[in-house]
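Engineer: with the input below, show me the fold.
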Amino acid sequence: MNCENKTKKQLLLHSRDYNSSFLSVENDKTNSDASDLELPSKMNTKVSFSHLVEFENDPDHAPFDSTTTSLTATPKRSSSASAMNKSQALSKRQRIFFVCFHLPVNLSHDDHLNEWNAAWAESLLAATEGSQVVSNYETHWIGTVSCASHPITTQEDRDAVTICLANMNCTPLFLDKDTLDAHYLGMCKQVLWPAFHNVDLLDLSSSASGAIPQSPGKGTDHMGSDWDQSRLDFWWKAYKEVNAAFADTLATFLKPGDVMWVHDYHLSLLPKIMDDRERVDVGRSITKKVFLLHIPFPTSQVFRELECGEDILKGMLHADVVGFHAFDHARHFLNGEWL
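Structural biologist: Numbers count the residues shown, from 1 in each chain. Predicted coordinates for the structure are as follows:
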């Protein structure tokens with residue numbers, strides 16, 4: 001009988017401890033001075049109790065009947081009102097921005113009606129029926145777009161395409177053709193693509209293929225088919241300019257607590273650019289950053305041969321999460337001497 005009473009007493013004490021516990025959220029990138037900063041009035045964040053829940057830093061929308069800050073929530077005993085507030089908070093969807101060099105859309109132009117039309121492409125990045133990401137989050141896509149049958153050359157076309165894609169929660173970027181060619185056909189396809197597939201730089205002269213921009217101001221009629229290291233400065237400059245242009249567009253959308261999900265090696269500098277800007281403007285990182293590499297990551301021996309390798313690596317490491325498609329790719333990244 002005494003054992004039974006002792007057990008009941010322990011359960012009662014455990015229950016009291018549970019109800020008086022408090023929740024906390026830790027930001028890995030918060031520095032020691034973060035508490036002195038004046039944060040925006042609203043900030044989406046995630047708090048862990050028995051599971052992750054979302055709430056805004058707003059007393060009127062707190063999921064618990066509690067005293068709430070951007071970093072800590074101290075719940076009291078639940079009531080019907082607090083349960084309702086919690087249910088309302090769970091219904092609020094966090095915003096995710098999918099950032100990819102090419103938007104996952106097929107764009108077409110009706111010459112007779114002079115109308116632009118767009119549809120989702122068959123891509124892992126496209127919004128698909130039944131997608132849990134699209135269902136559970138507020139999603140938006142940012143990237144470049146093109147149409148082979150009707151090049152987008154006029155401001156009228158750009159405005160029409162922007163309106164068309166807005167209905168799909170997509171924002172297009174229209175960049176200078178020479179810069180795009182140097183970034184994509186040059187730096188990405190002739191340097192990073194073979195290097196990330198473990199092609200030694202000494203072998204690049206025989207592995208290059210396709211059209212390569214030779215110098216600024218020249219279009220597709222002035223292309224070379226050989227790999228020339230003297231072009232690297234021009235290509236690398238274009239690569240940085242494109243990443244900066246994406247950052248400029250993202251800066252007009254992102255709010256504290258948003259998630260930016262950057263896809264592939266074309267935009268490897270973007271996590272660091274955005275993190276640096278946030279620290280200058282606010283004093284700390286205020287968005288979550290994910291970087292997913294869709295191609296292999298090379299061995300450290302090959303990666304060290306890239307003159308721009310350190311900048312690319314710093315860009316990737318400023319993401320909160322770095323993802324790979326295969327274990328071998330992650331292993332090469334983790335085994336690098338830079339970690």
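Engineer: residue 259 and residue 287 touch, don't they?
Structural biologist: Yes - in this structure residue 259 lies within contact range of residue 287 using CB atoms under 8 Å: 6.9 Å. C-beta here means a position set from N, CA and C on the backbone, and glycine is covered the same way.
Engineer: could you chop the chain up by domain?
Structural biologist: 2-91, 95-173, 177-334 (automatic domain parsing).
Engineer: mean pLDDT for the ones you listed: which is lowest?
Structural biologist: With a mean of 39, domain 2-91 has the lowest mean pLDDT of the domains of the chain.
Engineer: from residue 234, how far out is the closest residue to residue 115 other than its chain neighbours?
Structural biologist: Nearest non-adjacent residue to residue 115, counting by CB to CB, 6 or more residues apart in numbering: residue 109, 7.3 Å away. Distance, residue 109 to residue 234, using CB to CB, to the nearest Å: 32 Å.
Engineer: same question for residue 323.
Structural biologist: 31 Å.
Engineer: each with direction, which strands does the helix or strand residue 143 falls within pair with?
Structural biologist: For residue 143, the host element (DSSP states H and E) is strand 138-144. Here strand 138-144 has these sheet partners by DSSP bridges: strand 95-102 (parallel), strand 170-173 (parallel).
Engineer: what about the strands in the stretch 51-200 of the chain?
Structural biologist: 52-55, 66-68, 72-75, 95-102, 105-110, 115-120, 138-144, 170-173 (DSSP state E, counting those that start in this stretch).
Engineer: need the contact partners of the last one.
Structural biologist: To tie it back to what came earlier, the one meant is strand 170-173. 103, 105, 118, 140-145, 158, 161-162, 165, 245-246, 249, 253 (CB atoms under 8 Å, 6 or more residues apart in numbering).
Engineer: count of neighbours near residue 336?
Structural biologist: 17 (other CB atoms under 10 Å).
Engineer: in terms of helices and strands, where is it?
Structural biologist: Judged by DSSP H and E, residue 336 forms part of no helix or strand.
Engineer: that one touches residue 303, doesn't it?
Structural biologist: Yes - under the criterion of CB under 8 Å, residue 336 makes contact with residue 303 at 6.8 Å.
Engineer: which neighbours do the two share?
Structural biologist: residue 313.
Engineer: what residues of the strand holding residue 143 count as buried?
Structural biologist: Neighbour-count burial for strand 138-144, counted by 16 or more other CB atoms under 10 Å, picks out 139, 140, 141, 142, 143, 144.
Engineer: now do stretch 232-248
Structural biologist: Here stretch 232-248 shows 232, 234, 235, 236, 238, 239, 240, 242, 243, 245, 246, 247 as buried, counting by 16+ other CB under 10 Å.
Engineer: quick revisit: of the buried residues of strand 138-144, which pair is most distant in space?
Structural biologist: 139 and 144 (18.3 Å; CB to CB).
Engineer: give me the number of neighbouring residues for residue 166.
Structural biologist: Residue 166 has 12 nearby residues by other CB under 10 Å.
Engineer: I meant residue 163, not that one.
Structural biologist: By other CB under 10 Å, 10 other residues sit near residue 163.
Engineer: got a list of what it touches?
Structural biologist: So residue 163 contacts nothing (CB under 8 Å, 6+ apart).
Engineer: that one and residue 315, how far apart?
Structural biologist: In terms of CB to CB, residue 163 sits 32 Å off from residue 315.
Engineer: what's the answer for residue 185, then?
Structural biologist: 21 Å.
Engineer: also residue 262?
Structural biologist: From residue 262 across to residue 315, the span is 9 Å (CB to CB).
Engineer: tell me which of residue 185 and residue 315 has more neighbours.
Structural biologist: residue 315 (23 against 18).
Engineer: from residue 112, how far off is the more buried one?
Structural biologist: Residue 315 is 45 Å from residue 112, by CB to CB.
Engineer: same check, this time on residue 190
Structural biologist: For residue 190 relative to residue 112 (CB to CB), the value is 40 Å.
Engineer: neighbour count: the two, which is higher?
Structural biologist: Each of residue 190 and residue 112 has its neighbours counted (other CB under 10 Å); residue 190 has more, 26 against 5.
Engineer: show me where the stretch 151-300 of the chain has its helices.
Structural biologist: Under the criterion DSSP state H, counting those that start in this stretch, the stretch 151-300 of the chain contains helices at 155-166, 177-181, 193-196, 204-207, 232-251, 270-281, 300-303.
Engineer: list the contacts of the closest residue to residue 273 other than its chain neighbours.
Structural biologist: Nearest non-adjacent residue to residue 273, counting by CB to CB, 6+ apart: residue 247, 4.4 Å away. Taking CB under 8 Å, 6+ apart, we find residue 247 in contact with 270, 273, 274, 277.
Engineer: format these as TSV; extra columns: distance to residue 170 and neighbour count.
Structural biologist: Converted to TSV, these look like this (distance: CB to CB, whole Å; neighbours: other CB atoms under 10 Å):
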residue	distance to residue 170	neighbour count
270	17	25
273	21	20
274	19	26
277	23	16
